[in-house]
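>>> the following comprises the amino acid sequence and a computationally predicted model.
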Amino acid sequence: MSRIVQAARAWIGTPYLHQASRRGAGCDCLGLIRGVWREVHGQEPAVVPPYTPDWSEPQGEERLWEAARRLLGPGQGRAGDLLLFRMRPGAVAKHLGILSATGDQPAFIHSMSGHGVIESPLSEPWAARVVARFDLEGAA
């Protein structure tokens with residue numbers, strides 16, 4: 001099993017908490033990625049400045065996409081890949097998850113307000129929102 005997926009599954013049940021990244025205490029979708037990164041790769045590759053829930057929307061800037069592109073290679077289509085989602089057509093892409101299963105029953109792990117960290121099927125509606133995949137496993 002992927003080291004990334006194994007680490008991410010340990011976060012399931014962590015409550016949603018905006019800007020946090022502590023397993024068991026709270027995290028948002030970026031915080032989940034940051035926490036898993038620390039557990040698997042060590043020190044985070046960049047400092048994340050404070051951000052609001054609507055960050056980069058008013059400017060229409062793809063900040064998360066640009067940061068992922070700068071820090072990670074392209075996804076390999078395997079468990080452990082970082083998924084970047086655009087939640088609404090025309091909106092900036094700013095939801096993240098970790099591909100946890102491929103094949104007939106693809107799934108991903110993510111943190112959402114009202115749910116915390118969960119593993120969800122990568123159903124057609126979710127898959128249609130994926131705009132980019134990055135190699136989180138081979139990073140660092």
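Yes, it's here.
>>> so where is this protein shaky, pLDDT-wise?
Within the chain, the stretches with pLDDT under 70 are 140.
>>> which residues in it form helices?
For the chain, the helices defined by DSSP state H occupy 3-9, 29-41, 63-71, 124-129.
>>> list the buried ones in the longest one?
Neighbour-count burial for helix 29-41, with 16 or more other CB atoms under 10 Å as criterion, is recorded at 29-37, 39-41. No exception for glycine: its C-beta is placed from N, CA and C like everyone else's.
>>> show me what that helix is packed up against.
Helices and strands touching helix 29-41, by 3 or more CB pairs under 8 Å, 6 or more residues apart in numbering; DSSP states H and E, are helix 3-9, strand 21-22, strand 95-101, strand 107-112.
>>> partners of the third one in the sheet?
Based on DSSP bridges, the pairing partners of strand 95-101 within the sheet are strand 82-85 (antiparallel), strand 107-112 (antiparallel).
>>> to the chain's geometric centre, what's the distance from the first one?
The chain centre lies 6 Å from the centre of strand 82-85; the measure is CA atoms, centre = their mean, to the nearest Å.
>>> and the contacts of that strand?
33, 64-65, 68, 72, 75, 93-99, 108, 122, 126, 129-136 (CB atoms under 8 Å, 6 or more residues apart in numbering).
>>> excluding chain neighbours, what is closest to residue 37?
Closest residue to residue 37 apart from its sequence neighbours, by CB to CB, 6 or more residues apart in numbering: residue 44 at 5.8 Å.
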